[in-house]
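Q: my questions are about this predicted structure, shown below with the sequence.
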Amino acid sequence: MIQLIVHAFLEDSDAVVEVLYASSQPEKLSAKMTELQEEFPQDYLAIYDLPLDTDLSQLPHYPSVLIEKSDFQ
């Protein structure tokens, strides 16, 4: 199992979603999340658990983000 940090933000009128960090070590992930929250205080940041060797589309819920402009206002 690894964990991903996903970053979502608005760029002009477009929503951008990107994976910024991946780790299997919780302490490293936590430190990176703190750093990113300071760097991007107005943006959406989330941590997702990601099982290895798994078709994510077959899981009941997998890393995805629905973003509306109002989420950033």
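A: Sure, I can see it. Not measured: the values here are computed from a predicted model.
Q: for V16, give me phi and psi.
A: Backbone geometry at V16, expressed as degrees, to the nearest 10, gives phi -120, psi 130.
Q: so it bridges to which residues?
A: Under DSSP bridges, the beta-bridge partners of V16 are F9.
Q: run a quick neighbour tally on it.
A: Neighbourhood size, V16 [other CB atoms under 10 Å]: 12. Bear in mind the C-beta positions are built from the backbone N, C-alpha and C, glycine included.
Q: quick one: contacts for it?
A: By CB atoms under 8 Å, 6 or more residues apart in numbering, V16 lies in contact with 8-10.
Q: can you read off the pLDDT for it?
A: For V16, the pLDDT comes out at 87.
Q: wait, a strand at E18?
A: Yes. With DSSP: H, G, I helix; E, B strand; the rest coil as the criterion, E18 is assigned to a strand.
Q: L29 contacts D49, correct?
A: No. The pair L29 / D49 is not scored as a contact, 10.4 Å apart, by CB atoms under 8 Å.
Q: list residues touching both of those two?
A: Common neighbours of L29 and D49 (criterion: CB under 8 Å, 6+ apart): Q3.
Q: so between the two, which is more surrounded?
A: L29 (18 against 10).
Q: just the element for the more buried one, please.
A: Assessed by DSSP states H and E, L29 sits inside helix 26-39.
Q: what would that helix look like as PDB? C-alpha coordinates only.
A: C-alpha atoms of helix 26-39 as PDB (Å, rounded to 0.1, in the frame of the first residue of the first chain):
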ATOM      1  CA  PRO A  26       3.400   7.600   6.800                       C
ATOM      2  CA  GLU A  27       5.900   9.900   8.500                       C
ATOM      3  CA  LYS A  28       7.300  11.200   5.200                       C
ATOM      4  CA  LEU A  29       3.800  11.600   3.800                       C
ATOM      5  CA  SER A  30       2.700  13.600   6.900                       C
ATOM      6  CA  ALA A  31       5.700  15.900   6.700                       C
ATOM      7  CA  LYS A  32       5.200  16.500   3.000                       C
ATOM      8  CA  MET A  33       1.500  17.200   3.500                       C
ATOM      9  CA  THR A  34       2.300  19.800   6.100                       C
ATOM     10  CA  GLU A  35       4.800  21.400   3.700                       C
ATOM     11  CA  LEU A  36       2.300  21.500   0.900                       C
ATOM     12  CA  GLN A  37      -0.500  22.900   3.100                       C
ATOM     13  CA  GLU A  38       1.800  25.800   3.900                       C
ATOM     14  CA  GLU A  39       2.700  26.200   0.200                       C
END
